[in-house]
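A.B. asks: dropping a prediction and its sequence here:
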Amino acid sequence: MLTVIEAQNLVLQHARPLPAELMRLDDALGLMLAEDIASDLDIPPYDKSMMDGYAVRSADLPQGNGVLTVIEEVMAGQTPRLPVAAGQATRIMTGAPLPADADGVVKVECTRLLDGHRVEIADAPVKPGQNILYRGREMRRGDVVLKTGAVLGPQDLGLLATVGRAEARLVPRPRVAVLSTGDEVVEAPQMPGPGQIRNSNAPMLLAQVRRAGAAPHYLGIGRDRVDSLRPLIDEGLRAPVLVLSGGVSAGKLDLVPGVLADLGVGAHFHKVEMKPGKPIFFGTRGSTLVFGLPGNPVSSLVCFELFVRPAVRRLMGHADSAPRMRPLPLGDDFAYKTDRPTYYPARLDVADDGWRVRPVPWFGSADLRALSGTNAFVLFPAGDHQHRQGQRFPVLICDTP
Ligand code: AMP
Ligand code: MG
C-alpha cells in the first residue's frame, strides 16, 4: 500500500499550474502574479510632508527656536503657491506637497500660533529633510515593485493600486466540482427518514475548496446507481478538479471507481496507508484531477487537506504546495493504540512558551462533532504507545490558530 508521501507525490506529478489570464484585481487575494509589475510614477510623486506642522528653512532654526511669519496654508490635495523665504514658514498638513525652498517640517506639537501671521517654534535643532519624504524615495517610475511568482496579499493589492493597476496577468482560481454520493444522503433542510443521514460533506468540502483559494462548484447528490452518477460525474469532469465523497470503498454499491473508469478516468491509486481515509481514490482524465474521498466526514476532511489542497495550490502556481506539516510538541501525555499511521484531530495553540498541540476526545472517522474548534491533526505512528507531553510529532496544520 502507498504511503501518504508517495501518494502526495503522485498527485503533485499530475498537477500543472493553470495558464495565466489577464484578470481584474477585485478578487485576487492569494492569487499568483504571472508578470513583473513596474511603477508608472515616482512615489511619492512630490516632496511630501509626513506631519501636520510648518514647512521651514532649517537655516532659520539652528537651535530649534524662533518666531517665523506664516505665509500660506497647504492642505493635502493642494499645491503651495509661495516659496518660503528667510524668516518665513508655511502651515502644512500630512501628505501635502512641500513648498519651494523649505527643507524641513516642524510638527505642530512643537509650535504655538502667536496671531494669524506668526508662529513660535520650540523644537530640537531642525535638520534638513526632517519629516519629509522626498519624491521617488519609495519607488521610481519604471522600478519593478512586484515580480512574477508573487502570491498577492492585501499589501500587494494596495501596491498594485498605487502603481495604477486594476488588472494584471494572474494564475486563476481552479474550479473544483464537488459531488456527494449515497442513497442514504439527504440535504440539510430535510428531516432524515429511517436509515438516512444528512449531507455534511458537501458544505464542508465546498468550504475547504474556498479556504484553499479555489472556486467551489456544487453538483448535488448522486445516488448509488450508474444512471444517476454518470451524468453528474460527466459534468464534474469538465472542471480542472473533481472531488467526490462516498462510494469508493469495498461495499456492494461503491460504484464510483467503475463509473470513473467508464468515463475514461485512469486510476493512479486507490488505497493509502493511513487512518482515517484509507480507501481514497485518485485518477486523471487529461489534465482533470479526480479525487474519490471516503464518505465518512472526518476521512473526507483529512483526505482533502492531505491530497486535494496541495493539488489545488499547485494548479494555482504556488511554489510551495506541500501540506503544512511541522514537528510540534504534544501539550499533554497521550496513550494511543492504532494499526496504521493515524491523523488524530487536535487543537494547535501558541502560548508564551511556544506551540502546543493537544489531541481532542474523538470517536473515529464518523465523529465530525469532535472536530469543532480543532485546527490540526497530529500524526501518530502505528503501534501501542504512551506518548509523552513535550514529545514532537508531525502536525498537519489546517487553519491558523
Ligand atoms: P461510503 O464511503 O459511501 O461507504 O460512506 C461511508 C460512510 O460515510 C457511511 O456511513 C455514509 O453514510 C457516510 N457518508 C457518505 N456520504 C456522506 C455525506 N455526504 N455526508 C455525511 N456522511 C456521509
Ligand atoms: Mg456510500
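C.D. replies: That came in fine, so what should we check first? Ligands and ions are numbered 1, 2, ... in the order given.

A.B. asks: where does the chain come near ligand 1, residue by residue?
C.D. replies: Residues of the chain lying close to ligand 1 (Cβ under 6 Å from any ligand atom) are 180, 182, 184-185, 197, 199-201, 245-249, 251, 254, 294-297. C-beta coordinates here come from the backbone N, C-alpha and C atoms, glycine included.

A.B. asks: next step: these restricted to helices.
C.D. replies: 201, 297 (DSSP state H).

A.B. asks: buried ones among the residues of the chain next to ligand 1?
C.D. replies: 180, 182, 184-185, 199-201, 245-249, 254, 294-297 (16 or more other Cβ atoms under 10 Å).

A.B. asks: intersect these with the contacts of ligand 2.
C.D. replies: 182, 246-247, 295 (Cβ under 5 Å from the ion).

A.B. asks: as TSV, those with pLDDT would be great.
C.D. replies: Formatted as TSV, these follow (pLDDT from 0 to 100):
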residue	pLDDT
182	98
246	98
247	97
295	98
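
A.B. asks: about what we covered before: among the buried ones among the residues of the chain next to ligand 1, which ones are in strands?
C.D. replies: 180, 185, 245 (DSSP state E).

A.B. asks: what is the nearest of these to ligand 2?
C.D. replies: Among those, residue 185 lies closest to ligand 2 (Cβ to the ion), at 7.8 Å.

A.B. asks: so in terms of bridging, what pairs with that closest one?
C.D. replies: residue 197 (DSSP bridges).

A.B. asks: what does the pLDDT read for it?
C.D. replies: Residue 185 is assigned 98 on the pLDDT scale.

A.B. asks: how about residue 116?
C.D. replies: 83.

A.B. asks: count the neighbours of it for me.
C.D. replies: 7 (other Cβ atoms under 10 Å).

A.B. asks: residues contacting it?
C.D. replies: Under the criterion of Cβ atoms under 8 Å, 6 or more residues apart in numbering, the neighbours of residue 116 are residue 70.

A.B. asks: ok, it to ligand 2 distance?
C.D. replies: Per Cβ to the ion, to the nearest Å, residue 116 is found 83 Å from ligand 2.

A.B. asks: next: residue 113.
C.D. replies: Distance from residue 113 to ligand 2, by Cβ to the ion: 79 Å.

A.B. asks: can you list the strands that the one helix or strand that residue maps to pairs with?
C.D. replies: Assigning secondary structure by DSSP states H and E places residue 113 in strand 111-115. The pairing partners recorded for strand 111-115 under DSSP bridges are strand 118-122 (antiparallel).

A.B. asks: ok, now which ones touch whatever residue of the chain ends up closest to ligand 1?
C.D. replies: Using Cβ to the nearest ligand atom, residue 295 is the residue of the chain that sits closest to ligand 1, at 2.5 Å. Residues counted as contacts of residue 295 (Cβ under 8 Å, 6+ apart) are 181-182, 201, 245-249.

A.B. asks: farthest pair in the residues you listed?
C.D. replies: 201 and 249 (14.2 Å; Cβ to Cβ).

A.B. asks: within range of ligand 2, give me the residues from the protein.
C.D. replies: 182, 246-247, 295.

A.B. asks: one more pass at 8 Å, please.
C.D. replies: 181-185, 224, 246-247, 249, 251, 253-254, 295 (Cβ under 8 Å from the ion).

A.B. asks: closest one of those to residue 381?
C.D. replies: residue 249 (24.2 Å).

A.B. asks: quick one: the closest one from residue 271, how far?
C.D. replies: When distance is defined by Cβ to Cβ, to the nearest Å, residue 249 is 10 Å away from residue 271.

A.B. asks: find residues that contact each of those two.
C.D. replies: residue 279.

A.B. asks: residue 19 - that's part of a strand, no?
C.D. replies: No: assigned with DSSP: H, G, I helix; E, B strand; the rest coil, residue 19 falls outside any strand and is coil.

A.B. asks: which residue is the nearest non-sequential neighbour of it?
C.D. replies: Sequence neighbours aside, residue 171 is the residue nearest to residue 19 in space, at 7.8 Å (criterion: Cβ to Cβ, 6 or more residues apart in numbering).

A.B. asks: ok, the one you found touching residue 30?
C.D. replies: No: Residue 171 is beyond contact range of residue 30, at 10.5 Å (criterion: Cβ atoms under 8 Å).

A.B. asks: what is the burial count for residue 239?
C.D. replies: By other Cβ under 10 Å, neighbour count at residue 239 equals 21.
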